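Undergrad: Quick one: sequence and predicted model below, then my questions.
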Amino acid sequence: MTASELLEQRERQLGLIMALDRARDAVDVAKDPEVMFRAITDLMREHFQAEASALLLFGDDGTQVETVVHTGMDYQVAQTLCEAAVGHFQPDYISNEVWRHTLGLCVVQDSNDLSLGTLVLARNDRPFTRQDAELLEIAESQIDSAIVQARNIWELANRNRQLEAIFAIDHLRDDREDEADLIAGFTTILTEYFEAELVMVILSHIDSGELIIRGIMDKENLPLSAVDSIRKMTEDIMKPQQIDTPPGIEQVNLLAAPLIVSGVNLGSVVVGRKLPYMASDHRLLYAMMSQMDSAIAHSRTDLQLDQRNQELETIYRIDRIRDSDIDFDSMMVDVLNELCQAVNSEIGYLMLYSEDEERRLEIKATTYEGVLTSPAYNDAINALSVQALEQGEAVYSNQSDGAVRSIVAIPLILNDKVIGVFGTLNSSNPRGFSAEDRRMLMAITSQVDTAVFERLERRQMRKVLSRSVDPKVLEHMLQRADENILTGERVVLSVLFADLRGSTEWTERTEPEELVSTLNAFLGRMTGVIFKNGGTLDKFVGDEVIALFGTPVQMDNHVNRAAACALDMQQAHQRLINELAEQGIELPPMGVGIATGEVIAGEFGPPIRTDFTAMGRAMNLGARLCSAAPAGEILISEATRQVLAERCEAEPMATIDLKGIGEVQAYRLLSFK
């Protein structure tokens, strides 16, 4: 190269540097850096006498495209050529079918060799020279600082854009309670921020989990097949990403993102437009999804909370009906009316069934008498009710035609005993009974089964006996309400008797008011200890307390519990003696007897007055041991000691001759571990 040619090259290089500097200074970069890059590409095209020029800029990670600025060629060609220049750290030719001569170079930040983007020049009339390549390297050295500056500005602008979008979504979430309104608002916001021609909000159905398009804005008038194809393509996405465009609408670019809360996929969002998507668009959609998914989840939680409240209110009303003094048939009709109102159904029914009898189910109550005679209804009710009984669980059918469009049947099961079927049919919802409806019905059924089981007579029995019988005894009888409650059972149990020593003399020297008060304190304190140890209070006989361990609630360790209870009772009794003594009140000491053996336990007495108690040799032995026990001591039978074995410390006593029993070996219980 001659001196004049070298001088000309240096002047050309200097002219390019100054021109690039003027291009950067002439534009307010803070407002829109892309305007500066358009000026740079125009300058590069002019300075190199090229027919086209393009500049691609990467995001912070050096891989995702932030923007492509081009002149003299369309966007797709510009992006393809610029991407082909990646890795070209020296100016080099790029082969392609559009331009005869294309020169490309990667723009690199000198401090860390991070790829900032690529430069491309293209023309058809003549090839690029070595001087052009050197000049392009000089241009690259000036452009890298502009890209870094632009990145910072874009990052701030994009953050502001994200914050504005998040604020808009948050404001929408605070103002819209209904999920449909929320989705409509999301569609509007997405359309605005992405300048979209297509927006789809796809959500999983709250019952089935099926992905359904809940909101759509379509300026492209896409065919239904294309819309459904887009919906299917979003099923498995886990992050914002571009998805393929269905055939026939290639002009639209699609960006999709999932709605995920706590690992649960609630659906997805799709935005479509002709303009390409940049890295900033991906980040914006990601930021918006972080608010939209929680808004949807919050909306659904509110809906479920409302449903739970409705469920509780319905159960409360049904409980009120159960407690009302009306006959069984009227009570069940009222309950069925509540059921129909709770799930918006046409008809409710109750069918009773007995496992002990070979007969068909019979409708006992209904909200619509025509069901009893109409085969169209009756056949469907019988078929599904039998299915519910056979499977032992709720079954349903949501068909679209026929007299019975939808039906749910739930078996009435109490204590593993199937007693009938509770059901409803023809939901007002075109889709039939939802999972929430079925949940509501099962909750109602859990209240109705005991009402059916007890009937009015059993409810009356609960009222009467709850005043005089231990709650455990009452529940035991209710569990056996299908049997004769006066029928007893043979059981092996431990019985505990406890009474005061010298109570006759104590009674004679104590004022009536003080006697009653002191005796009530004693009986109350002993009853509490018995219940604490799992025993059942049999009865009070004067100052005597009788407790049963092992009936009506069976327990394998009834001997251990009786022994522990006796020791606890003596300690509690001594504490009570000390407390009363401080008040100047006397309470005699107590003796306790425990016996173990087989007895007949059951409800004894006429219906007007019954007691749950036990009869047998062990009962007599326990009473006699109690009478023989010295003050403050506990006597146990041989059978009781054998079961306790090494777990207790017991002293043998001299053989005792007990009235009605004969000579027995008794033991003084000292401790139990």
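TA: Received, thanks. Residues are numbered from 1 along each chain as shown.

Undergrad: okay, now S262: neighbour count?
TA: 7 (other CB atoms under 10 Å). C-betas here are computed from N, CA, C, even on glycine.

Undergrad: what about it, distance to I212?
TA: Separation of S262 from I212 (CB to CB, to the nearest Å): 21 Å.

Undergrad: Same question for H101.
TA: In terms of CB to CB, H101 sits 54 Å off from I212.

Undergrad: Give me the more crowded residue out of the two.
TA: H101 (18 against 13).

Undergrad: What's the first helix or strand after the helix or strand harbouring E164?
TA: Element membership of E164 [criterion: DSSP states H and E] is helix 130-175. Per DSSP H and E, the first helix or strand lying C-terminal to helix 130-175 is helix 179-194.

Undergrad: Show me what that following helix is in contact with.
TA: Contacting residues not belonging to helix 179-194 are listed as 161, 165, 168-169, 172-173, 176, 196, 199, 201, 203, 214-217, 255, 269, 271, 273, 281, 284-285, 288, 292, 295-296, 299-300, 303 [CB atoms under 8 Å, 6 or more residues apart in numbering].

Undergrad: Which ones among these lie within helices?
TA: Counting by DSSP state H, the contacts of helix 179-194 place 161, 165, 168-169, 172-173, 281, 284-285, 288, 292, 295-296, 299-300, 303 in helices.

Undergrad: sorry, back to before: from the contact counts, what lies against the helix holding E164?
TA: With contacts taken as 3 or more CB pairs under 8 Å, 6 or more residues apart in numbering; DSSP states H and E, helix 130-175 sits against helix 3-25, helix 33-47, strand 52-58, strand 101-109, strand 114-123, helix 179-194, helix 279-323.

Undergrad: give me that answer again for 6 Å
TA: Contacts defined by 3 or more CB pairs under 6 Å, 6 or more residues apart in numbering; DSSP states H and E place helix 130-175 against helix 3-25, strand 101-109, helix 179-194, helix 279-323.

Undergrad: wait, which of these is closest to G550?
TA: G550 sits nearest to helix 279-323 of all the helices and strands packed on helix 130-175, at 32.8 Å, using CB to CB.

Undergrad: thinking in terms of the whole chain, how far from its middle is that closest one?
TA: How far helix 279-323 lies from its chain's middle: 11 Å, per CA atoms, centre = their mean, to the nearest Å.

Undergrad: what number of residues lie near the closest residue to I169 other than its chain neighbours?
TA: Sequence neighbours aside, Q291 is the residue nearest to I169 in space, at 4.2 Å (criterion: CB to CB, 6 or more residues apart in numbering). Per other CB under 10 Å, the neighbour tally for Q291 reads 20.

Undergrad: and what of V77?
TA: With other CB under 10 Å as criterion, V77 counts 19.

Undergrad: for it, what are its contacts?
TA: Taking CB atoms under 6 Å, 6 or more residues apart in numbering as the contact definition, V77 lies against V98.

Undergrad: What's the mean pLDDT across the helix or strand it falls within?
TA: V77 belongs to helix 75-84 when assigned by DSSP H and E. Helix 75-84 shows a mean pLDDT of 91.

Undergrad: The very next helix or strand once past it pairs with which strands, parallel or anti?
TA: For helix 75-84, the succeeding helix or strand toward the C-terminus, using DSSP H and E, is strand 92-93. Sheet pairing of strand 92-93 (DSSP bridges) gives strand 101-109 (antiparallel).

Undergrad: Show me which positions of the strand it pairs with end up buried.
TA: Neighbour counts using 16 or more other CB atoms under 10 Å place 101-108 of strand 101-109 among the buried residues.

Undergrad: What is the helix or strand L515 falls within packed up against?
TA: Taking DSSP H and E as the definition, L515 sits inside helix 512-532. Counting contacts by 3+ CB pairs under 6 Å, 6+ apart, helix 512-532 is packed against strand 536-541, helix 558-582.

Undergrad: from these, which stretch is densest packed?
TA: Most buried of the helices and strands packed on helix 512-532, by mean neighbour count (mean count of other CB atoms under 10 Å): helix 558-582, with a mean of 19.

Undergrad: E663 is in contact with M653, correct?
TA: No. Between M653 and E663 there is no contact under CB atoms under 6 Å: 11.8 Å.

Undergrad: Compare those two (neighbour count), which wins?
TA: The residue with more neighbours, out of M653 and E663, is M653; 16 against 8, by other CB under 10 Å.

Undergrad: Apart from its chain neighbours, what residue comes closest to the more buried one?
TA: Leaving aside its chain neighbours, M653 sits nearest to A666 (5.0 Å; criterion: CB to CB, 6+ apart).

Undergrad: Would you quantify the distance from the one you found to F549?
TA: Distance of A666 to F549, given as CB to CB: 19 Å.

Undergrad: And M73, by the same measure?
TA: Counting by CB to CB, the gap from M73 to F549 is 95 Å.

Undergrad: what's the answer for A595, then?
TA: For A595, the distance to F549 - CB to CB - is 11 Å.

Undergrad: higher neighbour count, the two?
TA: It is A595, of A595 and F549, that has more neighbours when counted by other CB under 10 Å, with 31 against 26.

Undergrad: hmm, who's touching the lengthiest strand in the chain?
TA: When the chain is parsed with DSSP state E, its longest strand is strand 590-604. Applying CB under 6 Å, 6+ apart, the contact partners of strand 590-604 are 485-486, 488, 490-492, 494-498, 500-501, 551, 559, 562, 566, 573, 610-616, 618-619, 621-622, 625-626, 629, 634-637, 639-640.

Undergrad: Likewise for stretch 638-645?
TA: Stretch 638-645 is contacted from outside by 559, 563, 594, 596-597, 650, 665, 667, using CB under 6 Å, 6+ apart.

Undergrad: Now pLDDT and distance to V69 too, for these, in TSV please.
TA: Converted to TSV, the contacts of stretch 638-645 look like this (pLDDT from 0 to 100; distance: CB to CB, whole Å):
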residue	pLDDT	distance to V69
V559	95	92
A563	96	92
I594	97	97
T596	96	97
G597	95	100
A650	92	99
Q665	94	108
Y667	95	102
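
Undergrad: out of those residues, who's nearest E505?
TA: Proximity of the contacts of stretch 638-645 to E505 was ranked by CB to CB; the top entry is I594 with 25.9 Å.

Undergrad: Output the below-cut-off pLDDT ranges for the stretch 351-500 of the chain.
TA: Residue ranges of the stretch 351-500 of the chain with pLDDT under 70: 353-362, 364-365, 369-373, 400, 415, 450-487.

Undergrad: Let me see the ranges of the helices in it.
TA: Taking DSSP state H, counting those that start in this stretch, the helices of the stretch 351-500 of the chain run over residues 375-391, 435-465, 471-479.

Undergrad: count of neighbours near the nearest residue to Q142 once chain neighbours are set aside?
TA: Distances taken as CB to CB, 6+ apart put L20 closest to Q142, at 4.7 Å, once the chain neighbours are dropped. Using other CB under 10 Å, the number of residues around L20 comes to 21.

Undergrad: and the gap between L20 and E46?
TA: According to CB to CB, L20 and E46 sit 12 Å apart.

Undergrad: domain parsing for this protein?
TA: 3-158, 176-304, 324-461, 482-672 (automatic domain parsing).

Undergrad: worst average pLDDT in the ones you listed?
TA: Looking at the domains of the chain, the weakest mean confidence is domain 324-461, a mean of 76.

Undergrad: Quick one, which of the ones in helices among the contacts of helix 179-194 are buried?
TA: Buried, going by 16+ other CB under 10 Å: 161, 165, 168-169, 172-173, 281, 284-285, 288, 292, 295-296, 299-300, out of these.

Undergrad: Show me what counts as buried in stretch 41-55.
TA: Residues of stretch 41-55 classed as buried by neighbour count (16+ other CB under 10 Å): 41, 43-45, 47-48, 50-55.

Undergrad: do stretch 200-213 as well
TA: Residues of stretch 200-213 classed as buried: 200-204, 211, 213 (neighbour count, 16+ other CB under 10 Å).

Undergrad: And stretch 183-190, by the same measure?
TA: Buried-residue list, stretch 183-190, by 16+ other CB under 10 Å: 183-187, 189-190.

Undergrad: quick one: which of those residues is nearest to F540?
TA: Taking CB to CB as the measure, F540 sits nearest to I183 out of these, at 68.0 Å.
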